[in-house]
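Peer 1: Give me coordinates for this.
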Amino acid sequence: MSSTTALTDLGQALCIVTGASRGLGRTVAKHLARLIKPGSAIVLTARSGQDLRSLQTELTGGDGAGAGLVVECVEADLGHNDAPGRIVSAARRCFKADMDHVILVNNAGSVGDVSHFFRNFTNMAEVNSYLSFNVSSCLCLTAGVLDAFPQRDGLRRTVVNISSICALQPYPSWSLYCTGKAARNMMFKVLAKEEPDIRVLNYGPGPLDTDMLAYAKSHTADENLRMSFNDMCDKGQVLSCDQSCSVLMKLLLGDSYESGAHVDVYDV
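Peer 2: Purely as a prediction, here's the structure:
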C-alpha cells in the first residue's frame, strides 16, 4: 500500500498513453489532462495518426486541459520492433527536469480472432503476431520507459496495465485474448515485486461500450458467450469509457491499492 490520503492531482507529470486514438485510451488521456498540473506533457500513441491529431487538438484547445500542456503524437504500430523505441524517444523529448511523476498507461491491445476455438490455432505466425503486439511490445515499452526515467528522489513512477476479467477467467473461443491478458497481469506482478518503488496497477475496466464489444457480439464463436454479450447490452449492463475511467482516476489519486494487484472496476 502507499499513501492513505487521496491526492487532488497527479502532479506535474509526463503521461504516456498507448492505444490513445479511440475508446478507453482516448478517454484516459482526457481524464489525465484534467488531473495533471500545468507544465505537464502527454505522449499519445496509436496506429491512427489522424485520430491522434484530433485528440491532440482537443487536449491543447483548453477543454479541461491544464495550461501549457504539451501533447505529442506518435503514430506507431506496437507490433513493429521499432515502435517502443520511438515512443520512448518522444517521451524523453517531452520530459522536463522539474516533472515529478511519470505515468505509463499500457492500454493498446487487440481482441484477436474470437471466431475460432483453441484447436483452430495451428498457424504459429498468427499466434506470434498476436503476442508480439499484445505482450512483447508492452514489456519492451515499459522497460524502455523505466530505463529512460530511473528512480530518483522526487520522482514518482506509475505503470498501469489495462487488464480484463479475461486475465482471470477462461472465455471459450477467446484463447488469444485470455492468454495475452493473463500474461500481462503476471508480467506486471513481477515488475511490482522487482521494483517496489514503482506503483503498478492491473486495472480491469469492465464491459465497455466500444468497438471491441461490438465485434465480440457478432464474431465470438462460442454461442453462449456471444449471447451473454448481447444480453448484457440489452440489459444496460455495459459501462461507458467515462464511467470506467473515472474509477481508474479515483484509484490513481487514492494511491492505496497494493502494487501489482488486479483491481476491477466493480471492486472500487
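Peer 1: Can you pull up the most central residue in the chain?
Peer 2: Asn107 (2.1 Å; Cα atoms, centre = their mean).
Peer 1: and that residue, what does it touch?
Peer 2: 17-20, 24-25, 28, 160, 162 (Cβ atoms under 8 Å, 6 or more residues apart in numbering). Placement of C-beta: from N, CA and C, glycine included.
Peer 1: Looking at these, point me to the pair that's furthest apart.
Peer 2: Pairwise distances across the contacts of Asn107 (Cβ to Cβ) peak at 12.9 Å, for the pair Ala20 and Val160.
Peer 1: More neighbours: which of the two?
Peer 2: Between Ala20 and Val160, counted using other Cβ atoms under 10 Å, the more crowded position is Ala20 (31 against 21).
Peer 1: any idea what sits nearest the more buried one, other than its immediate chain neighbours?
Peer 2: Once flanking residues are discounted, Ala20 sits nearest to Leu44: 4.0 Å by Cβ to Cβ, 6 or more residues apart in numbering.
Peer 1: The one you found: how many residues sit nearby?
Peer 2: Leu44: 27 neighbours (other Cβ under 10 Å).
Peer 1: Just say helix, strand or coil for it.
Peer 2: strand (DSSP: H, G, I helix; E, B strand; the rest coil).
Peer 1: how close does it sit to Lys30?
Peer 2: Counting by Cβ to Cβ, to the nearest Å, the gap between Leu44 and Lys30 amounts to 11 Å.
Peer 1: which residues do the two both contact?
Peer 2: With Cβ under 8 Å, 6+ apart as the test, Leu44 and Lys30 both reach Leu55.
Peer 1: Surely Arg47 touches Gly79?
Peer 2: No - the criterion here is Cβ atoms under 8 Å, and Arg47 misses it with Gly79 at 9.0 Å.
Peer 1: distance of the residue nearest to Ala20 from Leu35?
Peer 2: According to Cβ to Cβ, Leu44 stands 16 Å off from Leu35.
Peer 1: ok, now Glu58?
Peer 2: From Glu58 across to Leu35, the span is 16 Å (Cβ to Cβ).
Peer 1: more neighbours, those two?
Peer 2: Comparing Glu58 with Leu35 by other Cβ under 10 Å, the one with more neighbours is Leu35, at 20 against 17.
Peer 1: pLDDT at the more buried one, what is it?
Peer 2: Per-residue pLDDT puts Leu35 at 97.
Peer 1: Ramachandran coordinates for the closest residue to Phe133 other than its chain neighbours?
Peer 2: Spatial nearest neighbour of Phe133, chain neighbours left out: Gly79 (3.9 Å); criterion: Cβ to Cβ, 6+ apart. Per-residue torsions, Gly79: phi -80, psi -10 (degrees, to the nearest 10).
Peer 1: got it, and Ser89?
Peer 2: According to degrees, to the nearest 10, Ser89 has phi -60, psi -40.
Peer 1: returning to that earlier point: show me which of the contacts of Asn107 is closest to Cys140.
Peer 2: Using Cβ to Cβ, the contacts of Asn107 come closest to Cys140 at Thr18, 11.9 Å.
Peer 1: ok, that closest one to Glu258 distance?
Peer 2: Relative to Glu258, and taking Cβ to Cβ, Thr18 is found at 24 Å.
Peer 1: Can you pick out the residue with more neighbours from those two?
Peer 2: Between Thr18 and Glu258, Thr18 has the larger neighbour count (other Cβ under 10 Å), namely 27 against 12.
Peer 1: out of everything not next to it in sequence, what's closest to the more buried one?
Peer 2: Ala108 (3.7 Å).
Peer 1: Give me the residue ranges of this structure where confidence is low.
Peer 2: By pLDDT under 70, the weakly predicted segments of the chain are 1-4, 62-67.
Peer 1: As a check, name the ranges of all helices in it.
Peer 2: Ranges of helices in the chain, per DSSP state H, are 23-35, 49-60, 83-94, 124-131, 137-148, 175-194, 211-219, 223-234, 241-254.
Peer 1: For the last one, which helices and strands make contact with it?
Peer 2: Pointing back at helix 241-254 there. helix 23-35, strand 156-162, strand 199-204 (3 or more Cβ pairs under 8 Å, 6 or more residues apart in numbering; DSSP states H and E).
Peer 1: got the angle for the last one vs strand 156-162?
Peer 2: Our comparison of strand 199-204 with strand 156-162, counting by axes from the mean of the first three to the mean of the last three Cα atoms, to 10 degrees, yields an angle of 20 degrees.
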